[in-house]
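Q: Got a predicted structure plus its sequence, pasted below:
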Amino acid sequence: MPEFSAIKTAHLVWEEGSPRNTDFDDRYFASEGGLEETSYVFIGQNRLSERMALAPSFTVAETGFGTGLNFLATLDTWVRCAPADAQLNFISVELNPLSKADLERALSAWPLLADYAHALLQVYPPAMPGYHRVLLQEGRVSLTLMLGDAVHMFSQLEASVDAWFLDGFAPSKNPGMWTEALFRQVSRLSRPGATFATFTAAGHVRRALESVGFTVSKFEGFGRKREMLCGEMRQPLVSTSAAPWYSPPSPISRESRQAVVVGAGVAGMVMAHTLADRGWNVTVCERAAQIAQEASGNPAGIVLPRLTLDMNLEAQFYVSAFLTAARFYGRLQKRFPAFQWRARGVLQLLDEARTRRIGALGLPTEVVEVLDQAAAQHIVGLSCASGGLFFPSGGWLDPRLLCTLLREDAAPRITLRTACNVQRLEHINGEWRLIDDTGETIAHAPVVVLANGYSANRFDLCRWLPLTPVRGQLSYLPVTETSSRLKVAVCYEGYVIPGEGGRHYVGATYDTRDLSLAVRRADHEHNLSALRMRLPDFTAVDAGGLDGRVALRTSTEDHLPCIGPVPDERYYLEHYADLSDGKPANLYPPAAYHPGLFVSVGHGSRGLTSSWLAAEMIAAQIDGGVAPVPRDMAQMLHPGRFLVRRLKRNE
Ligand code: SAM
């Protein structure tokens with residue numbers, strides 16, 4: 001994994017309303033005719049209007065997002081031509097994104113696209129390296145914007161592309177982008193018959209495209225450019241995976257669109273909602289009598305990422321998941337004013353040395369602000385033992401209410417079946433049957449997602465999943481005059497949430513040995529002493545008189561969630577038996593899975609943050625869509641990692 005490095009936004013100068021990038025010394029578009037050039041070169045030569053009219057789902061990928069003009073023009077074409085229930089996926093990459101202010105200024109040149117530009121500005125991601133998945137047009141359009149170098153970002157992508165826009169500054173000014181390594185990725189990601197168009201006619205570009213399997217034709221160029229290139233993919237290069245045991249599952253046919261989710265907690269309801277948004281009918285089976293009864297039944301929970309000093313892949317996952325989740329909660333709040341998404345920010349208290357090191361990473365302030373003690377106290381409203389990290393778009397919410405509203409929002413596509421205890425899974429004629437303790441079939445569908453936490457490995461096919469229940473006790477602390485000054489949620493080893501309804505919620509203990517659901521005085525004392533150490537304005541109270549709640553969350557061996565297809569254990573044990581020998585990876589066959597069976601479990605105490613991205617990942621794996629996270633991140637979370645590790649250790 002390459003080292004984490006911050007993203008630099010583009011340096012621009014403006015020439016008659018047209019932005020020029022000073023590092024590359026090239027223009028993004030001509031102020032006169034920029035939109036016409038996009039229409040002629042990229043949209044016209046890829047024949048997007050006629051192809052989109054026939055496609056239930058269409059995927060465009062671009063090199064160089066720049067001002068987003070190509071994206072907006074494509075969106076406009078798709079809205080005018082595509083069938084009403086179609087899906088558009090637009091993938092782009094950008095090394096130096098425009099600041100939001102520059103983007104707004106650049107796009108103001110195109111009044112015809114003003115509505116789309118406005119929608120893009122609402123979801124334009126912060127300059128955080130990695131993949132960003134945002135949705136527009138009620139979720140029918142997905143934009144996957146990968147911030148980083150094109151070759152690396154595309155080498156991490158799982159997608160099947162129908163049309164390519166090879167943009168990017170002129171090859172002479174930006175040779176680092178127009179490389180054979182990039183074209184190999186373009187080929188790998190193309191469907192047979194995929195097309196490309198590019199404004200350049202440079203000989204080395206033409207030869208490189210031919211060498212990776214495209215037929216290439218020259219056409220008259222736009223404006224003063226004499227010639228341009230376009231063409232069609234005959235035979236895509238086949239990728240050799242460095243980890244065939246994590247290869248993506250085969251997509252499930254889009255025809256029936258019936259799925260079952262087991263578990264009506266946050267992970268399950270978010271999964272069901274995500275599938276329902278994509279047109280699936282989902283039955284949610286829940287063993288309890290009501291929605292969100294276990295860990296998701298806590299009265300409040302916090303949404304924040306988990307950063308590390310080196311911003312490793314794990315931290316990148318949590319940032320990405322956090323941004324995804326916060327966007328969804330914002331959307332849900334707009335639709336349901338009663339949803340109390342308190343997006344007031346979350347402060348994580350941290351010692352000075354660590355705060356300084358994270359500050360030096362140069363993360364965008366839209367994601368995290370580094371605060372000294374005085375600034376932290378100002379934001380929190382109470383004395384703090386230290387400064388720390390402030391996440392301005394973080395917040396807290398009521399998970400039970402969330403689950404209820406998700407169901408309401410997606411009705412009638414979600415059917416909730418409570419008091420329904422799935423005992424067994426059987427796969428018969430391409431369908432899963434979920435069978436209860438009396439032997440009755442409760443539900444059946446080609447796709448099943450297990451989101452039932454530590455109970456997921458009760459099913460035979462998942463017995464090997466190392467899931468652990470972890471007891472957590474929450475303390476309900478009465479609000480005092482002083483404590484009512486707390487303005488944002490604060491995290492340390494525990495956390496405290498600003499008072500509402502006369503209570504603060506103070507969490508939470510972590511115990512893997514005692515799994516009792518009884519509320520314990522000693523645990524209250526633990527929560528309160530951690531709180532008072534970090535926020536000394538909280539006064540001592542008698543823990544004996546406090547209310548609280550205990551729940552069991554689910555953790556895994558490596559404390560990361562388990563997200564993805566369920567491997568066929570027997571196949572793994574047979575075909576990857578000699579993994580410890582160090583044989584080259586390309587000599588192994590691709591993975592085999594139980595078709596249509598997925599898990600989203602092990603979210604620990606971070607499910608409100610991680611469930612949305614998890615659901616997007618699984619939804620893309622189900623129908624072979626564009627993965628919302630890079631390959632290495634999907635592999636880090638892949639359920640098969642536990643089997644592979646054991647085989648590599650020869651256990
Ligand atoms: N398609 C854009 C639009 O619609 O506005 C215009 C793209 S502009 C001509 C080229 C873009 O490619 C710039 O935004 C530049 O920062 C980006 N770029 C250049 N080299 C890159 C690289 N190696 N990786 C990713 N992006 C790169």
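A: Noted; the coordinates are in hand.
Q: pLDDT (mean, whole number) over the longest strand along the chain?
A: Counting by DSSP state E, the longest strand found in the chain is strand 467-478. Throughout strand 467-478, pLDDT has a mean value of 97.
Q: That strand packs against which elements?
A: The helices and strands touching strand 467-478, judged by 3 or more C-beta pairs under 8 Å, 6 or more residues apart in numbering; DSSP states H and E, are strand 503-507, helix 521-534, strand 547-556. Every residue, glycine included, has its C-beta placed from N, CA and C.
Q: Residues of the stretch 51-200 of the chain that sit close to the ligand?
A: 62, 64-70, 93-96, 149-150, 167-169, 174, 176-177 (C-beta under 6 Å from any ligand atom).
Q: going on from the longest strand of the chain, what's the next piece of helix or strand?
A: Using DSSP states H and E, the helix or strand that follows strand 467-478 in sequence is strand 489-491.
Q: returning to that earlier point: could you pick out the buried ones from the residues of the stretch 51-200 of the chain next to the ligand?
A: Among these, those scoring as buried are 62, 64-70, 93-96, 149-150, 167-169, 174, 177 (criterion: 16 or more other C-beta atoms under 10 Å).
Q: ok, and for stretch 131-147, which residues are buried?
A: 131-136, 140-147.
Q: What is the burial count for Ala289?
A: When neighbours are counted by other C-beta atoms under 10 Å, Ala289 registers 9.
Q: Contacts only, for it.
A: Shown in contact with Ala289 (C-beta atoms under 8 Å, 6 or more residues apart in numbering): 418-419.
Q: so which helix or strand takes in it?
A: Under the criterion DSSP H and E, no helix or strand holds Ala289.
Q: Tell me which stretches of the stretch 301-450 of the chain form strands.
A: Secondary structure of the stretch 301-450 of the chain (DSSP state E, counting those that start in this stretch): strands at 301-303, 346-349, 369-371, 388-391, 395-397, 414-417, 422-428, 431-436, 441-445, 447-450.
Q: right, and the ones you listed - which one's nearest the ligand?
A: With C-beta to the nearest ligand atom, the closest approach to the ligand among those belongs to strand 369-371: 26.2 Å.
Q: Need the contact partners of that closest one.
A: Counting by C-beta under 8 Å, 6+ apart, 347, 355-356, 358-359, 379, 387-390, 392 sit against strand 369-371.
Q: Any of the residues you listed buried? List them.
A: Buried members of the contacts of strand 369-371, scored by 16+ other C-beta under 10 Å, are 347, 355, 358-359, 379, 387-390, 392.
Q: Which one of those residues is nearest to Leu531?
A: Leu347 (13.5 Å; C-beta to C-beta).
Q: Please name every helix or strand in contact with whichever helix in the chain runs longest.
A: If you go by DSSP state H, the chain has its longest helix at helix 313-335. Applying 3+ C-beta pairs under 8 Å, 6+ apart, we find helix 313-335 packed against strand 130-136, strand 301-303, strand 395-397, helix 399-410, helix 607-623, helix 631-637.
Q: Take these and lay them out in TSV including distance to Lys100 and mean pLDDT.
A: Putting those into TSV (distance: least, C-beta to C-beta, whole Å; pLDDT from 0 to 100) gives the following:
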stretch	distance to Lys100	mean pLDDT
strand 130-136	13	97
strand 301-303	22	98
strand 395-397	21	98
helix 399-410	28	97
helix 607-623	22	97
helix 631-637	25	97
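Q: Take the ones you listed and lay them out in a markdown table including distance to Arg224.
A: Converted to a markdown table, these look like this (distance: least, C-beta to C-beta, whole Å):
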| stretch | distance to Arg224 |
| --- | --- |
| strand 130-136 | 34 |
| strand 301-303 | 51 |
| strand 395-397 | 52 |
| helix 399-410 | 51 |
| helix 607-623 | 41 |
| helix 631-637 | 41 |
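Q: and stretch 110-118, average pLDDT?
A: Averaged over stretch 110-118, pLDDT sits at 97.
Q: Go through it and flag the buried ones.
A: Those would be 110, 113, 116-117, for stretch 110-118 by 16+ other C-beta under 10 Å.
Q: Now the two most distant members of those.
A: Trp110 and Tyr116 (8.9 Å).
Q: which residues do the two both contact?
A: Leu72.
Q: Could you list the contact residues of the chain toward the ligand?
A: Counting by C-beta under 6 Å from any ligand atom, the chain sits next to the ligand at 10, 28-29, 62, 64-70, 93-96, 149-150, 167-169, 174, 176-177.
Q: Now intersect the residues you listed with the strands, please.
A: Counting by DSSP E, those place 62, 93-94 in strands.
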